[in-house]
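Peer 1: Could you look at this predicted model? Sequence included:
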Amino acid sequence: MTLCEVCRRRGARYVCRICGREVCEEHYDVARGICAICSETLCAVCGSRLAVDSCAVCGRLVCRKCSVELQPGIRVCGDCYRDLPRLVKEDPRLSYLARLLRRS
């Protein structure tokens, strides 16, 4: 019997459709067909792809398709990207993001 790749205690009954981990019932989201680890690292915008970073403005986990890379290591989600001019007016500490946006 194969053990769960998350807890290493229970028998694995499911295979994650994203990463292929074999996991037990406790570490599997039946509705989405994914393991607990992938579930925790999904993009907060689309909910279907794994996140690559977090938004520099709101902090949500984002995938490549749902974010804009302003420079290596600095991403913003599509929502914050569209609202950046308003967000900078409300919080001047975000003005560095607007400067990065102008350079890209």
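Peer 2: Happy to help now that I have it.
Peer 1: What segments of this protein are strands?
Peer 2: Applying DSSP state E to the chain gives strands spanning 14-15, 22-23, 28-29, 34-35, 53-54, 61-62, 67-71, 74-77.
Peer 1: which helices and strands does the fifth one pack with?
Peer 2: Packed against strand 53-54 by the contact rule (3 or more CB pairs under 8 Å, 6 or more residues apart in numbering; DSSP states H and E) you find strand 61-62. Every residue, glycine included, has its C-beta placed from N, CA and C.
Peer 1: Walk me through the domains of the protein.
Peer 2: With domains defined by automatic domain parsing, the chain comprises 1-40, 53-103.
Peer 1: could I get these as JSON lines with distance to residue 47?
Peer 2: Converted to JSON lines, the domains of the chain look like this (distance: least, CB to CB, whole Å):
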{"stretch": "domain 1-40", "distance to residue 47": "8"}
{"stretch": "domain 53-103", "distance to residue 47": "10"}
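Peer 1: For residue 46, find the nearest of those.
Peer 2: Closest approach to residue 46 among the domains of the chain (CB to CB): domain 53-103, 5.2 Å.
Peer 1: Tell me where the longest helix sits in this structure.
Peer 2: As assigned by DSSP state H, the longest helix anywhere in the chain is helix 78-90.
Peer 1: Going by neighbour count, list what's buried in that one.
Peer 2: 79-81, 84, 87-88 (16 or more other CB atoms under 10 Å).
Peer 1: which among these gets closest to residue 69?
Peer 2: Nearest to residue 69 out of these is residue 81 (CB to CB; 10.2 Å).
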